[in-house]
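S.K.: kindly generate the corresponding structure for this input.
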Amino acid sequence: MRILGIDPGSLITGFGVIDVAQGKTSYIASGCVRIAPGAQPERLKTIFDGVVELSANYQPDEIAIERVFMHRNVSSALKLGEARGAAICAAVLHALPVHEYTPAAVKQTVVGKGNAGKEQIQHMVRALLRLPAAPQADAADALAVALCHAYARQALARIPGAQSLRRGRAR
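M.R.: Numbering: from 1, shown residues only. This next block holds a predicted model:
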């Protein structure tokens with residue numbers, strides 16, 4: 001099973017690709033889709049095109065993406081939601097199942113604390129995937145989303161009938 005994790009952002013969208021086989025995770029790739037300044041429609045197209053290209057290059061079986069959380073700034077939250085929507089549309093174009101996780105769920109799963117900081121996420125992603133160095137923050141967040149999904153899938157696989165109840169959403 002190959003999972004593409006996405007940490008959507010209106011300036012930088014992080015991505016991380018992992019494989020899961022026989023309960024073990026392995027690192028494939030990670031990085032960032034950097035969005036140039038400009039009008040919002042062009043920025044969203046960059047995100048969409050980036051996720052389309054990632055899907056074509058890495059051929060994931062599923063996509064895991066971080067859900068939008070409330071910002072103090074409504075404008076920022078809307079832009080983040082639009083970036084997330086562009087990434088989801090690209091996944092749907094490839095007929096890939098999309099699974100969503102809250103930032104707190106990702107942090108709780110990967111670090112053990114729902115309020116973990118960026119450095120803690122980078123450290124745990126590095127340790128869990130046995131990487132030689134910590135990935136860039138947005139890429140580490142995306143890898144954490146992919147790991148969260150991998151662990152959720154493994155847990156649900158042990159419960160008879162649980163996959164049909166979940167429908168791609170963490171609860």
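
S.K.: for the helix or strand hosting Tyr27, buried residues please.
M.R.: Using DSSP states H and E, the element containing Tyr27 is strand 24-34. Neighbour counts over strand 24-34 (16 or more other CB atoms under 10 Å) mark Thr25, Tyr27, Ile28, Ser30, Gly31, Cys32, Val33 as buried. Every residue, glycine included, has its C-beta placed from N, CA and C.

S.K.: which residues touch the last one?
M.R.: Put plainly, it is Val33. Ile12, Thr13, Gly14, Phe15, Thr46, Ile47, Gly50, Val51, Leu54 (CB atoms under 8 Å, 6 or more residues apart in numbering).

S.K.: need the residues you listed in TSV with secondary structure, can you?
M.R.: Conversion of those to TSV gives the following (DSSP: H, G, I helix; E, B strand; the rest coil):
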residue	secondary structure
Ile12	strand
Thr13	strand
Gly14	strand
Phe15	strand
Thr46	helix
Ile47	helix
Gly50	helix
Val51	helix
Leu54	helix
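
S.K.: make TSV out of these and add neighbour count, distance to Ile63 and pLDDT.
M.R.: Output for these, formatted as TSV (neighbours: other CB atoms under 10 Å; distance: CB to CB, whole Å; pLDDT from 0 to 100):
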residue	neighbour count	distance to Ile63	pLDDT
Ile12	18	18	94
Thr13	27	12	95
Gly14	25	13	96
Phe15	28	10	98
Thr46	18	18	96
Ile47	25	13	96
Gly50	21	13	96
Val51	27	8	96
Leu54	24	9	97
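
S.K.: and the helices in the chain?
M.R.: 40-58, 74-93, 103-110, 118-128, 137-157, 162-166 (DSSP state H).

S.K.: what number of residues lie near Arg72?
M.R.: 6 (other CB atoms under 10 Å).

S.K.: next up, the contacts around Lys118.
M.R.: Contacts of Lys118 by CB under 8 Å, 6+ apart are Ala137, Ala140, Asp141.

S.K.: contacting residues around the last one?
M.R.: This points to Asp141. With CB under 8 Å, 6+ apart, Asp141 has these contacts: Asp7, Gly14, Glu66, Val106, Lys118, Ile121.

S.K.: can you tell me how far the third one is from Ala87?
M.R.: Distance, Glu66 to Ala87, using CB to CB, to the nearest Å: 10 Å.

S.K.: same thing with the fifth one?
M.R.: Using CB to CB, one obtains 20 Å as the distance from Lys118 to Ala87.

S.K.: residues in contact with the spatially closest residue to Gly9 that is not a sequence neighbour?
M.R.: In this structure, Gly9 finds its nearest non-sequential neighbour in Ala83, 5.9 Å apart by CB to CB, 6 or more residues apart in numbering. By CB under 8 Å, 6+ apart, the residues touching Ala83 are Pro8, Gly9, Ser10, Thr13, Arg43, Leu44, Ile47.
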